[in-house]
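# pasted the sequence and its predicted model underneath.
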Amino acid sequence: MTRAIGDSVFNRFGQPGVVSQRDSLKGTVTIETKGPQIDDVQKRGYINGLSEGERMRFNSVVDRVRTIEDPVKRVMELQRLIDGIKTDPTQATVVKYLESELAHTMISYKIKPREYVTDDTIL
């Protein structure tokens with residue numbers, strides 16, 4: 001499995017680490033287990049599968065909405081930002097991760113959706 005810079009990893013003892021450098025020619029990665037980079041990963045959650053640019057976009061959105069203390073306002077702002085990013089088809093992966101963050105926040109604070117979309121063709 002190929003690891004990208006910023007991906008979370010765990011050693012055989014279950015201790016977290018983060019890929020800080022990658023050498024494609026040698027096929028090696030450098031894993032940091034202490035310091036600001038691991039603190040940053042633990043603060044935002046263990047998110048893997050994003051390129052460096054996608055990870056920066058995801059982190060900036062998450063950091064922005066987490067400054068909002070009221071969970072309902074946080075959910076509303078995150079949904080608004082997701083709707084804006086959805087217009088760019090190159091950001092589909094980031095949108096999926098942000099939608100997962102939205103679902104996690106809603107479940108954590110027991111916030112129910114305000115709108116329900118149904119398919120009228122089956123009625």
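Yep, that arrived. If you're wondering where the values come from, they're calculated on a predicted model, not measured in any experiment.

# and stretch 46-55, how far apart are its ends?
11 Å (C-alpha to C-alpha, to the nearest Å).

# what does the strand of greatest length in the chain contact?
Using DSSP state E to define each element, the chain has its longest strand at strand 16-23. Identification of contacts with strand 16-23 by C-beta atoms under 8 Å, 6 or more residues apart in numbering yields 3-11, 28-33, 37-38, 40-42, 46. Just so you know, the C-beta spots here come from the backbone N, C-alpha and C atoms, and that holds for glycine as well.

# could you redo the last one with a cut-off of 6 Å?
Identification of contacts with strand 16-23 by C-beta atoms under 6 Å, 6 or more residues apart in numbering yields 3, 5, 7-10, 29-33, 37-38, 41.

# now that we have those residues, which one has the most neighbours?
Each of those was scored for neighbours by other C-beta atoms under 10 Å, and Val41 scores highest at 23 neighbours.

# same for the lowest-mean-pLDDT helix or strand in the chain, what does it pack against?
The helix or strand of the chain with the poorest confidence is helix 36-44; it has a mean of 80 (mean pLDDT, DSSP states H and E). When contacts are defined as 3 or more C-beta pairs under 6 Å, 6 or more residues apart in numbering; DSSP states H and E, helix 36-44 sits against strand 16-23.
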